[in-house]
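Enquirer: give the three-dimensional model of this entry:
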Amino acid sequence: IEGSRAEDPALGELFADWGLPTPVSIAQVASVPGMTVIGSGGVRTGLDAAKAIALGASMVGLAYPFLEAATRSADAVIEVIDRIVQELRVAMFCVGAASVDALSRTPLLGPSGPVGGSAEAPG
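Expert: Prediction:
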């Protein structure tokens, strides 16, 4: 992505697999006691935000969806905000989380079953 922004696709391709994906980083850092984790980088939707919180992020940062909408109009930004909030609420409903705190305690399932963390049901 950064290579495309710099109009140098070859440079972007060279660094395409550089670093850790955001979900992996969140899960690793969230295991450090007393750490406040801010999930950002590639977060584009309310579902992405829900996943970041469930993985251990204390809060989530988004920029691109708002900046892209801002190039169109203030009303477009408001529409994006409403959409992201709706997506987050639907994701929370789907896992039975009545609050962001409950979402942060949602048991995670991977292809092989439960993934680390708490096995308690969200409240």
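Enquirer: ok, and the closest non-adjacent residue to Ser89?
Expert: Quick fix: residue 89 reads Arg, not Ser. Gly46 (7.4 Å; CB to CB, 6 or more residues apart in numbering). C-betas here are computed from N, CA, C, even on glycine.
Enquirer: that neighbour touches Ile84, doesn't it?
Expert: Yes: using CB atoms under 8 Å, Gly46 makes contact with Ile84 at a distance of 4.5 Å.
Enquirer: how many residues are close by Ile84?
Expert: By other CB atoms under 10 Å, the residues close to Ile84 number 21.
Enquirer: any idea how far it is from Val32?
Expert: 28 Å (CB to CB, to the nearest Å).
Enquirer: same thing with Pro9?
Expert: In this view, Pro9 and Val32 are 36 Å apart by CB to CB.
Enquirer: try Thr45
Expert: In this view, Thr45 and Val32 are 27 Å apart by CB to CB.
Enquirer: those two: who's more crowded?
Expert: Applying other CB under 10 Å to Thr45 and Val32 shows that Thr45 carries more neighbours, namely 16 against 10.
Enquirer: got the contact list for the more buried one?
Expert: Applying CB atoms under 8 Å, 6 or more residues apart in numbering to Thr45 gives the contacts 65, 84, 87.
Enquirer: again, only using 7 Å
Expert: Residues in contact with Thr45 (CB atoms under 7 Å, 6 or more residues apart in numbering) are 84, 87.
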